[in-house]
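[1] no FASTA, just this:
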């Protein structure tokens with residue numbers, strides 16, 4: 001695939017982060033606790049697109065690795081929305097909190113003028129992100145990779161929008177607006193990392209969210225994959 005695609009729709013004023021390429025930073029820990037507890041976010045992935053469990057788990061690992069490079073650990077839960085007459089999984093109904101983020105894997109995204117278009121792979125707003133599985137599969141086919149390779153990077157990209165604070169996309173790394181097949185051939189890790197400046201901003205945001213969550217008295221979720 002030599003063409004490039006604008007892969008990400010977004011809400012005005014939400015998209016965040018630009019920086020300069022470089023080596024990813026080392027993992028960081030929360031200040032004030034003796035360095036014992038790593039920075040961490042919790043994500044619940046809701047599989048409205050009925051993607052395979054294998055694809056979800058592999059995508060989770062890719063997204064978690066990208067954030068690990070930036071110094072933030074990811075605890076994730078894969079959830080399958082229950083019918084209206086079935087009690088939902090209690091593990092999939094977490095209490096809202098600053099460190100708790102939600103990702104919806106949807107069959108496709110609706111076109112909303114000024115927000116998404118026919119080429120939008122995902123969008124992010126507040127503590128919620130969505131990814132179009134139709135585009136995941138099409139991008140994977142054109143790039144010659146497994147759908148999980150696109151899904152994991154799309155999840156990391158959209159979560160990046162939730163955790164960064166500057167408008168726009170970067171010219172390099174995971175927060176670019178456009179990807180190509182050559183990115184996978186050339187250097188998959190380097191092409192899909194947060195820049196050092198983005199990683200620093202993300203760590204600062206997660207640290208602030210952790211302090212806010214503690215002040216609210218919300219217990220941290222126990223991680224599982």
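    Perfect, thanks for sending it. From a predicted model like this one, the values you see are computed outputs, not experimental measurements. Numbers count the residues shown, from 1 in each chain.
[2] alpha carbons only for contacts and neighbour counts from here, please
    Will do.
[3] what bits of the protein have low per-residue confidence?
    1-36, 82-88, 111-120, 165-168, 185-190, 219-225 (pLDDT under 70).
[4] for it, what spans make up the helices?
    Using DSSP state H, the helices of the chain run over residues 53-69, 133-143, 147-163, 181-186, 188-191, 196-216.
[5] Please identify the deepest-packed of these.
    helix 147-163 (a mean of 25; mean count of other Cα atoms under 10 Å).
[6] Name the surrounding residues that touch it.
    14-17, 55-56, 58-64, 66-67, 103, 121-131, 133, 136-137, 139-141, 174-175, 192, 201-202, 205-206 (Cα atoms under 8 Å, 6 or more residues apart in numbering).
[7] now do 6 Å
    15-16, 55, 58-60, 62-63, 124, 129, 136-137, 140, 175, 202 (Cα atoms under 6 Å, 6 or more residues apart in numbering).
[8] contacting residues around residue 193?
    Going by Cα under 6 Å, 6+ apart, the list of residues near residue 193 reads 66, 173-174.
[9] From residue 37, how far out is it?
    23 Å (Cα to Cα, to the nearest Å).
[10] ok, now which ones touch the residue lying closest to residue 78 once chain neighbours are set aside?
    Nearest residue to residue 78, sequence neighbours excluded (Cα to Cα, 6 or more residues apart in numbering): residue 45, at 4.9 Å. Residues in contact with residue 45 (Cα under 6 Å, 6+ apart) are 78-79, 103-104.
[11] can you redo these as TSV with neighbour count and distance to residue 146?
    As requested, the contacts of residue 45 are arranged in TSV below (neighbours: other Cα atoms under 10 Å; distance: Cα to Cα, whole Å):
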residue	neighbour count	distance to residue 146
78	19	19
79	19	21
103	23	20
104	21	19
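[12] would you turn those into JSON lines with distance to residue 160?
    Shown next, in JSON lines, are the contacts of residue 45 (distance: Cα to Cα, whole Å):
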{"residue": "78", "distance to residue 160": "19"}
{"residue": "79", "distance to residue 160": "21"}
{"residue": "103", "distance to residue 160": "12"}
{"residue": "104", "distance to residue 160": "15"}
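[13] What about the residues you listed, which are in strands?
    Of those, the ones assigned to strands by DSSP state E are 78-79, 103-104.
[14] Out of these, which comes closest to residue 213?
    residue 103 (19.5 Å; Cα to Cα).
[15] Would you check how far apart that closest one and residue 125 are?
    On the measure of Cα to Cα, residue 103 and residue 125 end up 11 Å apart.
[16] before we move on, the earlier item: of the helices of the chain, give the one that comes closest to residue 96.
    Between the helices of the chain, helix 196-216 lies closest to residue 96; by Cα to Cα that is 9.7 Å.
[17] Compute the inter-axis angle for the closest one and helix 53-69.
    Here helix 196-216 runs at an angle of 100 degrees relative to helix 53-69 (axes from the mean of the first three to the mean of the last three Cα atoms, to 10 degrees).
[18] could I get the contacts of residue 193 as CSV with distance to residue 215?
    Shown next, in CSV, are those (distance: Cα to Cα, whole Å):
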residue, distance to residue 215
66, 28
173, 34
174, 32
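[19] Which one of the residues you listed is nearest to residue 41?
    Once Cα to Cα is applied, the member of the contacts of residue 193 that ends up nearest residue 41 is residue 66, at 12.9 Å.
[20] Nearest residue to that closest one in space, please, no chain neighbours.
    Here the residue nearest residue 66, using Cα to Cα, 6+ apart, is residue 193, at 5.9 Å.
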